[in-house]
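K.L.:
Take this sequence and fold it.
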Amino acid sequence: MYKPSYGYFIIMLIMIFGVTACGSTDINNYKSEKTVSVKDQSTGNYRGEKVEKAQNIASADPESLQDDDFEVSYRSHKIDKNTDIKELIHKWGYSEGFEANNRGYNSGNGTYRRWSLSYPNYEEPEIRFVVLSKIELEGEELVDGESYLVAVSLENPKFKTKRGLKIGDTLGKVLQLYGKPSIVTNGSLLYSKNGLHLRIQWDTETEKVNNIFIEYNMEKSVKQQRSADYVEEGAQPDPDLEPYTIQREQSFTTTLNGWGEVKFISTLKDEDTDDLIQAKFFLEANDEKHVENKILYEFPEFYGNNGKMIDRIKAVSFKDLNQDGRTDIVIIADYITGVNAHGIETLPVAGIYFQKKDNTYTTQPELDKSINQTGHNRTLQNVIQYVNKQRINVQ
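P.N.:
Below you'll find the model as predicted:
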């Protein structure tokens with residue numbers, strides 16, 4: 001399961017400097033207009049935009065997180081990592097809509113089921129509890145056995161966190177109350193301490209908080225549930241499984257030398273792992289012999305990772321760059337440089353995979369470094385034109 005990596009600590013430093021800059025510029029000195037990078041949802045691109053003085057952001061130096069910052073109160077009952085879910089059910093029942101919503105089912109297998117308990121009902125919930133239960137046989141009926149609270153989601157603005165944050169508050173207020181996040185993604189800030197995680201999600205158009213999600217036992221639940229999943233011996237699973245998620249808009253069926261027709265799969269590490277979100281690429285079988293997903297090849301480390309938090313895979317191109325008759329692959333991603341009161345800030349990063357004589361792929365780190373340092377990394381055409389001028393020999 002998750003183990004802090006060197007890259008994780010690097011990105012922590014990047015976030016500290018990035019958000020510290022936000023703290024001093026966007027919070028302490030937010031008296032002048034500033035052009036920031038904001039994502040246009042219609043195009044997926046980032047646009048420069050003048051942002052007026054944010055009246056609701058004051059100079060702040062929030063206290064460091066404590067365990068009780070992850071506690072919430074509902075119906076005068078304290079909710080924390082030790083909450084007994086069966087005690088809550090005994091007090092409040094299952095609420096209206098439980099059976100109609102397939103008993104709150106989210107996912108499961110023959111050993112565990114992950115489900116949600118919503119109050120006061122499932123149609124207009126104020127709060128939602130995510131639970132993992134071991135499935136047990138009681139007579140001839142399957143029932144929830146040992147259960148524990150995985151996470152809680154605040155769904156209504158009348159409920160606040162310990163520091164007073166609620167749905168509808170601005171991103172600026174999040175930074176004012178909590179300061180530097182542990183991890184930043186587009187639309188989400190994560191604050192962590194001692195295995196507890198406060199995930200604050202905001203609408204990238206309105207720049208207001210639309211969900212507050214507190215994780216108490218997420219890592220434990222993911223490990224238990226996945227360890228019980230049936231995986232055929234010797235099978236190589238689809239990278240949708242732990243810990244990567246397919247980026248389908250940048251995954252393609254293509255024909256490569258020595259491989260024939262294959263699926264090129266772009267993935268990002270699942271942000272629920274609470275690790276550094278990085279890119280990984282695979283070749284997957286695309287024939288009738290492999291009805292199920294079969295990983296044929298895992299590409300080397302992407303240059304764009306290199307201690308960076310990847311926001312998205314931006315572009316992929318298949319082209320013979322060094323005229324050796326083999327198919328090379330150009331990839332451009334956006335990585336996160338920081339966060340301000342209006343969202344995340346990103347920059348592009350490019351990397352190239354050159355196909356070798358044995359049909360596997362390799363990288364040229366010095367060339368990748370040069371592409372990015374000279375700014376020839378913004379479009380596929382930029383990269384290709386720059387590389388065409390270089391002498392590249394790949395064995």
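K.L.:
can you pull out the helices in the stretch 251-395 of the chain?
P.N.:
Secondary structure of the stretch 251-395 of the chain, counting by DSSP state H, counting those that start in this stretch: helices at 365-373, 380-388.
K.L.:
Kindly apply the preceding question to the stretch 1-150 of the chain instead.
P.N.:
Using DSSP H, counting those that start in this stretch, helices in the stretch 1-150 of the chain cover 6-22, 85-92.
K.L.:
picking that back up, as TSV, the helices of the stretch 251-395 of the chain with mean pLDDT would be great.
P.N.:
Listed next are those as TSV, based on pLDDT from 0 to 100:
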stretch	mean pLDDT
helix 365-373	96
helix 380-388	93
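K.L.:
Deepest-packed of those, please.
P.N.:
When the helices of the stretch 251-395 of the chain are scored by mean count of other Cβ atoms under 10 Å, the highest mean neighbour count falls to helix 380-388 (a mean of 17). (C-beta placed from N, C-alpha, C; glycine too.)
K.L.:
For that one, which helices and strands make contact with it?
P.N.:
With contacts defined as 3 or more Cβ pairs under 8 Å, 6 or more residues apart in numbering; DSSP states H and E, helix 380-388 has these neighbours: strand 310-319, strand 328-340, strand 343-355, helix 365-373.
K.L.:
so it versus strand 310-319, what angle?
P.N.:
60 degrees (axes from the mean of the first three to the mean of the last three Cα atoms, to 10 degrees).
K.L.:
and the helices and strands packed on helix 380-388 as a markdown table, adding distance to Met218?
P.N.:
A markdown table is the format used below for the helices and strands packed on helix 380-388 (distance: least, Cβ to Cβ, whole Å):
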| stretch | distance to Met218 |
| --- | --- |
| strand 310-319 | 21 |
| strand 328-340 | 22 |
| strand 343-355 | 22 |
| helix 365-373 | 34 |
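K.L.:
Please report how far His90 lies from Asp84.
P.N.:
From His90 across to Asp84, the span is 9 Å (Cβ to Cβ, to the nearest Å).
K.L.:
Kindly report the same for Pro181.
P.N.:
30 Å.
K.L.:
still on that earlier bit, which of the helices of the stretch 1-150 of the chain has the lowest mean pLDDT?
P.N.:
Among the helices of the stretch 1-150 of the chain, helix 6-22 carries the lowest mean pLDDT, a mean of 43.
K.L.:
and Lys162, which of the helices and strands packed on helix 380-388 is closest to it?
P.N.:
strand 328-340 (21.6 Å; Cβ to Cβ).
K.L.:
name the helices or strands packed onto the closest one?
P.N.:
Secondary elements touching strand 328-340 (3+ Cβ pairs under 8 Å, 6+ apart): helix 6-22, strand 183-185, strand 279-285, strand 310-319, strand 343-355, helix 380-388.
K.L.:
I'd say Leu149 and Lys86 touch.
P.N.:
No: taking contacts as Cβ atoms under 8 Å, Leu149 lies outside contact range of Lys86: 10.3 Å.
K.L.:
For the two, indicate the residue with more neighbours.
P.N.:
Leu149 (23 against 13; other Cβ atoms under 10 Å).
K.L.:
Spit out the contact partners of that one.
P.N.:
79, 81, 83, 85, 129-131, 216-217 (Cβ atoms under 8 Å, 6 or more residues apart in numbering).
K.L.:
Buried members of these into PyMOL, please.
P.N.:
The following PyMOL line selects those of those that are buried, judged by 16 or more other Cβ atoms under 10 Å:
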select buried, resi 79+81+83+85+129+130+131+216+217
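K.L.:
As CSV, the contacts of Leu149 with distance to Val394 would be great.
P.N.:
As requested, the contacts of Leu149 are arranged in CSV below (distance: Cβ to Cβ, whole Å):
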residue, distance to Val394
Ile79, 57
Lys81, 52
Thr83, 57
Ile85, 57
Phe129, 54
Val130, 48
Val131, 52
Tyr216, 49
Asn217, 48
